[in-house]
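**Q** sequence plus predicted model, see below.
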Amino acid sequence: MSLQTLPALSPRTVVGRPALSTALLEWQWLLLSLIIAGSYLLARVVHWLGRRYLGRSAAVERASFGRATFEEVYTPLSITIVLLGTSLGLQAFGVVESESLLGNAVVTALTVLWARASIRIGSRWLEVANDREQSYEFAPIFQNFWTIAVVAVAALVVVSIWDLRVTPFLASAGVLGIVVGFAAQDAIGNLIGGVALYFDNTYKPGDVILLEAEMRGTVVDIGIRSTTVLTPENTMVTVPNAVLNSTQVVNQTAPRRYIRIDVPLSAAYGTDYETVEEIALEVCEDAPMIRDTPGPRLLFGEFGDSALVFELQAYITHPLTDKRAVDQLNRRIYDRFAAEGITIPFPQRELSFREDSGESGRRLDFRERDGAAKSPSGGAKTDE
């Protein structure tokens, strides 16, 4: 008897029996077993070839979008081959129906599997783009939007698979939307603020930012709702994106990562300003935290009340090292001034008083002076 003349067995031909208990002929069971076993073997071969290819090319091939995609696809592809082969085999021999519980469960599992793979592919693409030499200004917020889009599509597919009715939920969507809008207005504001920060290109992970509240730190992560900042005190601060969008944000690492520091100096009147400049530039040359390019310079700022006022401008490699760089310069300049005999003046205050024989008490007079002025006779100067 040929295969064409064998009676086709299906769940509908067996009355009173469930689908999975349908009796099959011996050759049908054998063919079904071969289909399932072949699906499993094919899945194993695909998985083995994927691991072998990735292992050989890891040392010679640079990270690329194609490689990142293949790393996340070959395992879901193997699982898909097994599930589809088994499910289609059972449906072909009438063991289960295409619209049965098992069939819907298989399609749901595949939907979740590939949704997870799509999210991971988006994350890997972002990593590859950021690791390249070209400047890809991709904000991590795009990864969050990609995740939301994939989850939304997967949810719609699952709803259509199980034929769930969402009309009762849509009827109250208007009132629910108003309630959610009031309850989540801060979250929505943070979301819009994050999008605005990206299009303004305000900062990216790794940048050092300074806020109006004098809080400074390194951007660690940019999320949908907030931005995480690591402060110099090694503490994590979560700043809502709406706050960052409405306040002044100073990016101290843009357009270049090095910044300039200004160190005030002063020397007594009569000091050669060229000597002060020579000492300051030599100190900057010896200081390990000061950059050679752009080079440092000393500006003669003003004639102060008690000293010549200078400003030393120097560049450092990273903004968060400014305090240590200023400490290095101040220590070295103080030692050089002491060795060269240069005086660093300071404001002086003179207390003078006078005695009046007609008064029983004394009236004190405080005067702040730049230096200790003496009367021509060498004594303290008194008021007349």
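**A** Now that the structure is in, tell me what you want to look at.
**Q** what does stretch 202-216 contact?
**A** By CB atoms under 8 Å, 6 or more residues apart in numbering, the surrounding residues in contact with stretch 202-216 are 137, 139-140, 197, 217-222, 229, 231-232, 237, 239, 244, 247-254, 318-320. Placement of C-beta: from N, CA and C, glycine included.
**Q** try it again with 10 Å
**A** 130, 137-140, 196-198, 217-222, 227-232, 237, 239, 243-245, 247-254, 257, 259, 318-320, 322 (CB atoms under 10 Å, 6 or more residues apart in numbering).
**Q** swap in stretch 232-239?
**A** So stretch 232-239 is in contact with 190, 208-209, 211, 213, 215-221, 223, 225-231, 247, 249, 319-323, going by CB under 10 Å, 6+ apart.
**Q** buried subset of the residues you listed?
**A** 190, 208-209, 211, 216-219, 223, 225-230, 249, 319-320, 322 (16 or more other CB atoms under 10 Å).
**Q** helices - which of the residues you listed land there?
**A** Mapping the buried ones among the contacts of stretch 232-239 onto helices (DSSP state H) picks out 190, 322.
**Q** burial of Phe93, as a residue count?
**A** Using other CB atoms under 10 Å, the number of residues around Phe93 comes to 19.
**Q** how close does Phe70 sit to Ala117?
**A** Taken as CB to CB, to the nearest Å, the spacing of Phe70 relative to Ala117 amounts to 11 Å.
**Q** which one of the two is surrounded by more residues?
**A** More crowded of Phe70 and Ala117, by other CB under 10 Å: Ala117, with 20 against 16.
**Q** so what's that one up against?
**A** 69, 72-77, 79-80, 150.
**Q** one more: Ala338?
**A** Per CB under 10 Å, 6+ apart, neighbours of Ala338: Ile344.
**Q** Trp146 versus that one, what's the distance?
**A** Applying CB to CB, the value for Ala338 to Trp146 is 62 Å.
**Q** tell me the centre residue of the protein?
**A** Central residue of the chain (CA atoms, centre = their mean): Asp221, 2.4 Å from the mean position.
**Q** quickly list what the residue nearest to that residue when sequence neighbours are not counted is bridged to.
**A** Once flanking residues are discounted, Asp221 sits nearest to Thr228: 4.4 Å by CB to CB, 6 or more residues apart in numbering. Taking DSSP bridges as the rule, Thr228 bridges to Asp221, Thr238.
**Q** look up how far Ala37 lies from Thr228.
**A** 50 Å.
**Q** ok, back up a step: wait, isn't the residue nearest to Asp221 in contact with Asn241?
**A** No. Using CB atoms under 10 Å, Thr228 makes no contact with Asn241, being 11.1 Å away.
**Q** need the residues touching each of those two.
**A** In contact with both Thr228 and Asn241: Ile222, using CB under 10 Å, 6+ apart.
**Q** what about the contacts of stretch 202-216, which are in strands?
**A** Within the contacts of stretch 202-216, residues falling in strands by DSSP state E are 217-222, 227-230, 237, 239, 249-251, 259.
**Q** would you check that Leu110 makes contact with Thr86?
**A** No. Assessed by CB under 10 Å, Leu110 is found out of contact with Thr86, at 11.9 Å.
**Q** what residues are shared contacts of these two?
**A** Common neighbours of Leu110 and Thr86 (criterion: CB under 10 Å, 6+ apart): none identified.
**Q** residues near Ala333, how many?
**A** For the record, residue 333 is Ile, not Ala. Neighbours of Ile333 using other CB under 10 Å come to 22.
**Q** oh, that last question was meant for Asn201, not what I typed.
**A** So Asn201, with other CB under 10 Å, has 11 neighbours.
**Q** so it versus Ile333, what's the distance?
**A** 39 Å.
**Q** likewise Asp305?
**A** Asp305 is 21 Å from Ile333, by CB to CB.
**Q** can you check Trp48 too?
**A** 68 Å.
**Q** how about Leu32?
**A** Taking CB to CB, one finds Leu32 at 88 Å from Ile333.
**Q** ranges for the strands of this protein?
**A** 208-211, 216-222, 226-230, 236-240, 249-251, 259-267, 297-303, 308-316, 348-354, 363-369.
**Q** turn those strands into a markdown table, including mean pLDDT.
**A** Shown next, in a markdown table, are those (pLDDT from 0 to 100):
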| stretch | mean pLDDT |
| --- | --- |
| strand 208-211 | 92 |
| strand 216-222 | 90 |
| strand 226-230 | 92 |
| strand 236-240 | 92 |
| strand 249-251 | 91 |
| strand 259-267 | 95 |
| strand 297-303 | 95 |
| strand 308-316 | 96 |
| strand 348-354 | 73 |
| strand 363-369 | 51 |
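**Q** okay, now the nearest residue to Leu191 once chain neighbours are set aside: neighbour count?
**A** Nearest residue to Leu191, sequence neighbours excluded (CB to CB, 6+ apart): Ile224, at 5.7 Å. Applying other CB under 10 Å, we find 17 other residues in the vicinity of Ile224.
**Q** which phi and psi values does Ile224 adopt?
**A** phi -70, psi -40 (degrees, to the nearest 10).
**Q** so who does it touch?
**A** By CB under 10 Å, 6+ apart, the contact set of Ile224 is 140-141, 143-145, 147-148, 187, 190-191, 194-195, 241.
**Q** just those: which are in helices?
**A** Using DSSP H, the subset of these located in helices is 141, 143-145, 147-148, 187, 190-191, 194-195, 241.
**Q** nearest to Ala287, of those?
**A** Relative to Ala287, the closest of the ones in helices among the contacts of Ile224 is Asn241; by CB to CB it sits at 38.7 Å.
**Q** so where is the stretch 51-200 of the chain shaky, pLDDT-wise?
**A** 57-63, 98, 130, 132-141, 166-176, 180-181, 183-184 (pLDDT under 70).
**Q** what's the answer for the stretch 251-384 of the chain, then?
**A** Counting by pLDDT under 70, the stretch 251-384 of the chain contains low-confidence ranges at 349, 355-384.
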